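3D model of this:
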Amino acid sequence: MDQYITAPISEKDTIKLHSGDYVYISGTIYTARDAAHKRMQEALERGEELPVDMNDNIIYYMGPSPAREGRPIGSAGPTTASRMDKYAPKLLDMGLKGMIGKGKRSQEVTDAIVRNKAVYFAAVGGAGALLSKSIVASEVIAYDDLGTEAIRKLTVKNFPAIVVIDSEGTNLYETAISKEQ
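Got it, this is the predicted structure:
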């Protein structure tokens, strides 16, 4: 089923999404990869505020290539989500409602998704140039020294993704495999 959502998203929005839904996201999302997640974890350990309020937000696991002339961002494909698994449960408990990446997630992340009525989306790997066309604005808001791994605030319009793990814990990767057998 096709769903159109506006980010930030609330629990009211996430519980309507089901594993396997095609979703088109418009609004504001944030990027953060490994290095940014590590910095956020270190900030939390020091008792500091994060540069992004996690409440109802979506993080896209992506580090873009340089923007071409006239474009806000370069190729913007997803990175492997499991590299953020050790950080994701804490961020979900802080109010994060969505993550976009590629690949499987750990049981701890799935448990945190269910506990917080959040959702994990997949974006198509290898389609970064196509995905970048849905990004209408990009601004570095934290950790500029990390280059492509800096945290960016993105404005997106009809950004395509697929619900992999929904707020009930149904995992598309698992249900697709069971249907094949």
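
so what's the closest residue in space to K16 that isn't next to it in sequence bridging to?
Distances taken as CB to CB, 6 or more residues apart in numbering place Q3 nearest to K16, at 7.3 Å, with adjacent residues excluded. The way it works is simple: take the backbone N, C-alpha and C, and place the C-beta from them, glycine included. Q3 has these beta-bridge partners by DSSP bridges: V23.

For Q3, give me its contacts.
Residues in contact with Q3, defined by CB atoms under 8 Å, 6 or more residues apart in numbering, are K16, L17, D21, Y22, V23, Y24, V163.

Same check on G101?
G101 neighbours (CB under 8 Å, 6+ apart): Y60, Y61, P78, T79, T80, A81, M84, Y120, F121, A122, A123.

Helix or strand for it, just tell me which one.
Secondary-structure assignment from DSSP states H and E places G101 in strand 98-101.

distance of V119 from D21?
For V119, the distance to D21 equals 9 Å [CB to CB, to the nearest Å].

just to revisit the earlier point, are any of the contacts of Q3 buried, and which?
Among the contacts of Q3, those classed as buried by neighbour count (16 or more other CB atoms under 10 Å) are L17, D21, V23, V163.

Could you list every helix and strand in contact with the lengthiest strand in the chain?
Across the chain, the longest stretch assigned as strand under DSSP state E is strand 151-165. Applying 3 or more CB pairs under 8 Å, 6 or more residues apart in numbering; DSSP states H and E, one finds that strand 151-165 contacts strand 2-7, strand 22-31, helix 107-115, strand 119-122, strand 135-142, helix 172-180.

one step back: quick check: neighbours shared by V119 and D21?
V163, D166.

Since that was my last question, I'll sign off now.
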